[in-house]
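> Okay, predicted coordinates and the sequence, questions at the end:
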Amino acid sequence: MLTPVLDPTLDTPLYEQLYRQLRREIESGALAPGEKLPSKRALAAHLKVSVVTVEGAYGQLQAEGYIRSEPKRGFFAAPLEAPSPPPRPEPAPAPEEAPAPRKPDYDFATNAVDALHFPFATWARLMRQVLTREDSALLSAIPPQGVPELRAAIVQYLHDFRGITARPEQVVVGAGSEYLTSLLFQLLGREGGYAVEDPGYLKFSRILAHQGAHICPIPLDGQGLRVDALRWSGARVVHVTPSHHFPLGTVMPVGRRRELLAWAGEGPDRYIIEDDYDSEFRFSGLPIPALQSLDSGERVVYLNTFAKSLAPSLRIGYMVLPPHLAERYRREFLFYSSTVPSFEQYTLAQFLEGGHFERHIARMRVEYRDRKAALAAGVRDLGIPGTLSGGDAGLHMLLRMDSRLGEAELVRRAAEAGVAVYPLSSCRLTPAPEGEPPTLIMGYARLEAGDIRRALLRLREAWG
């Protein structure tokens, strides 16, 4: 008969000791499947324990499937069949890989700049100076709004070139406009709608919509965003690009700007977000002062980055908050750490303070003016059936086509010819007005003048 060894001095109950030893016997095969176990009374008498102890062990073994009970016959070891492995799923047929899209030979994208003319030597020299001067300070925590030197340099630049009077305490430095937009949404709140230009910069509206904002598309006329439509919308915050509208290229005149500021003053907690994304590149007349420079009611938040003026990969943007919002930001939002490394911030500060930024912009303004002229001359001389507009500022123009082809077909044929162009419809939240001609957004910053002409020759052939 089975003789498990039970030790009453252990903390483990006797029934559990018996259960564990019988389970090992069954799992090892010492108790073969179908082999009869002693009756409860017989085993209890043999081990000199109570029947209750044996009943507890047998009950647990039966519950787990190690033994089975047959009426009037007793208990038997149950067969322990290894579970059959689940059937291996048939491998899904490999999807047919779509051919990788052809990389265009010429790209009229608007989200790029000319990297070849970046002042690498000057930037590298300033980086070495920062390493020497700041030393271990570069490893210290960064002030949440950005290093003071950079904020002071930004304030001086805005005063000299954009007519903005502000203090460094109003500046918040962040990793690009996307990050700053998210902060602004939390600062301004979700109540009321957020008005956006239509057509306009869709990334801004997508970021806000993703965070739960109610988006109100506002149409434009020849002077920019229509303030009458803004009033009808019921929106509380509006995002505008008044110095050079994206993508139409409209410059908002001072009358419309004052009308927009008047709207902001008509209700509590109304704000204007002025996105001054490429104001540095104006090719005719004097620079247009920023909308914020006209604001006496603390209703304009000024937003800008160095993506267009230096390089998109630099990922340094900034916003200038009205004084009362800046105070609230310091009170409630300083738990957000700075998202731009101090090394880049100190380097950019020296780049601004030393006049290098101003000189770089002056050189690039000449370079981009030549490329704009090459685009205009190519469209005219090569007989491209369209009219260019929006060339007084910025790094793109609109090409309104006189063609029976729609925008999608024009884009498709251009792509087959190795040229990337972009439809105006891709910047719309609502359908285009009836009768609007097919229009393409032609960014020229990344293309040399000769490449622009070669690209236009391909487009002429592709579009017939």
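Great, that's in hand. Because the structure is a prediction, the values reported are computed rather than measured. Residues are numbered from 1 along each chain as shown.

> List the residues that contact Ala57.
By C-beta atoms under 8 Å, 6 or more residues apart in numbering, the residues touching Ala57 are 15-16, 18-19, 22. The C-beta positions use only the backbone N, C-alpha and C, and glycine is treated the same way.

> Just the buried ones out of the residues you listed, please.
Buried subset of these (neighbour count, 16 or more other C-beta atoms under 10 Å): 15, 18-19, 22.

> between those, which is closest to Leu47?
Leu18 (7.5 Å; C-beta to C-beta).

> Contacts only, for that closest one.
Contacts of Leu18 (C-beta under 8 Å, 6+ apart): 4, 6, 47, 49, 53-54, 56-57.

> could you pull out the strands for the stretch 251-400 of the chain?
Under the criterion DSSP state E, counting those that start in this stretch, the stretch 251-400 of the chain contains strands at 271-275, 300-305, 317-320, 386-389, 396-401.

> I'd like the ones you listed as CSV, with mean pLDDT and distance to Arg331 appended.
Output for these, formatted as CSV (pLDDT from 0 to 100; distance: least, C-beta to C-beta, whole Å):
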stretch, mean pLDDT, distance to Arg331
strand 271-275, 96, 18
strand 300-305, 95, 17
strand 317-320, 95, 17
strand 386-389, 91, 46
strand 396-401, 94, 40
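
> can I get the ones you listed in TSV with distance to Gly435 and mean neighbour count?
Output for the strands of the stretch 251-400 of the chain, formatted as TSV (distance: least, C-beta to C-beta, whole Å; neighbours: other C-beta atoms under 10 Å):
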stretch	distance to Gly435	mean neighbour count
strand 271-275	29	24
strand 300-305	34	25
strand 317-320	38	25
strand 386-389	15	17
strand 396-401	12	21
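
> Out of those, flag the one nearest Pro341.
Distance to Pro341, taken as C-beta to C-beta, is lowest for strand 317-320 among the strands of the stretch 251-400 of the chain, at 14.1 Å.

> List of residues touching that closest one?
Residues from elsewhere that reach strand 317-320 (C-beta under 8 Å, 6+ apart): 146, 151, 154, 158, 164, 166, 170-177, 179-180, 183-184, 292, 301-307.

> Quick check: the gap between Thr53 and Arg68.
21 Å (C-beta to C-beta, to the nearest Å).

> For Ala213, state which of the contacts of Leu18 is nearest.
Distances from Ala213 to those, taken as C-beta to C-beta, are shortest for Gly56 (64.3 Å).

> how many neighbours does Glu149 have?
Glu149 sits with 19 neighbouring residues when counted by other C-beta atoms under 10 Å.

> same for the helix or strand encompassing it, what does it pack against?
Per DSSP states H and E, Glu149 falls inside helix 148-161. Secondary structure elements in contact with helix 148-161, counted by 3 or more C-beta pairs under 8 Å, 6 or more residues apart in numbering; DSSP states H and E, are strand 171-174, strand 317-320, helix 342-353.

> So for the last one, what gets flagged as buried?
The reference is to helix 342-353. The neighbour-count check on helix 342-353 (16+ other C-beta under 10 Å) flags 342, 344-353 as buried.

> Just want the angle from it to helix 148-161.
30 degrees (axes from the mean of the first three to the mean of the last three C-alpha atoms, to 10 degrees).

> so what secondary structure elements neighbour helix 342-353?
Applying 3+ C-beta pairs under 8 Å, 6+ apart, we find helix 342-353 packed against helix 120-134, helix 148-161.

> could the contacts of Leu18 be laid out in CSV, adding secondary structure and distance to Asp114?
As requested, the contacts of Leu18 are exported to CSV (DSSP: H, G, I helix; E, B strand; the rest coil; distance: C-beta to C-beta, whole Å):
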residue, secondary structure, distance to Asp114
Pro4, coil, 86
Leu6, coil, 87
Leu47, helix, 91
Val49, coil, 91
Thr53, helix, 88
Val54, helix, 89
Gly56, helix, 84
Ala57, helix, 83
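
> Would you mind measuring from Arg369 to Ile452?
For Arg369, the distance to Ile452 (C-beta to C-beta) stands at 13 Å.

> Have a look at those two and say which one is more surrounded.
Higher neighbour count among Arg369 and Ile452: Ile452, with 24 against 14, using other C-beta under 10 Å.

> Can you report how many residues neighbour the closest residue to the more buried one other than its chain neighbours?
Distance criterion C-beta to C-beta, 6 or more residues apart in numbering; nearest residue to Ile452, sequence neighbours excluded, is Ala374 at 4.6 Å. Using other C-beta under 10 Å, Ala374 is surrounded by 19 other residues.

> Beyond the strand or helix carrying Ala229, next helix or strand please.
Assigned by DSSP H and E, Ala229 belongs to helix 227-233. With elements assigned by DSSP H and E, the helix or strand that comes after helix 227-233 is strand 235-240.

> hmm, who's touching that following strand?
Outside strand 235-240, the residues that reach it (C-beta under 8 Å, 6+ apart) are 188, 191-197, 200-201, 204-205, 216, 218, 224-225, 230, 252, 260, 263-264, 267, 269-275, 291.

> So which residues of this structure form helices?
Taking DSSP state H as the criterion, the chain carries its helices at 14-28, 40-47, 51-63, 120-134, 148-161, 176-188, 202-210, 227-233, 254-265, 323-332, 342-353, 356-381, 407-416, 449-463.

> looking at the ones you listed, which is closest to Ser296?
The minimum distance between Ser296 and the helices of the chain falls on helix 254-265, with 8.2 Å, by C-beta to C-beta.

> any idea how far Val155 is from Val196?
28 Å.

> So which of the two has more stuff around it?
For Val196 versus Val155, the count of surrounding residues by other C-beta under 10 Å is larger for Val196: 27 against 20.

> Tell me, how many residues neighbour Asp221?
Number of residues near Asp221 (other C-beta under 10 Å) recorded here: 11.

> try the one 10 residues further on
Taking other C-beta under 10 Å as the criterion, the count of residues near Arg231 is 13.

> if I look at it, how far off is Asp198?
Distance from Arg231 to Asp198, by C-beta to C-beta: 16 Å.

> go on, Leu138?
Applying C-beta to C-beta, the value for Leu138 to Asp198 is 44 Å.

> One more: Gly174?
Distance of Gly174 to Asp198, computed by C-beta to C-beta: 26 Å.

> Give the residue from the two that has the larger number of neighbours.
Comparing Gly174 with Asp198 by other C-beta under 10 Å, the one with more neighbours is Gly174, at 24 against 19.
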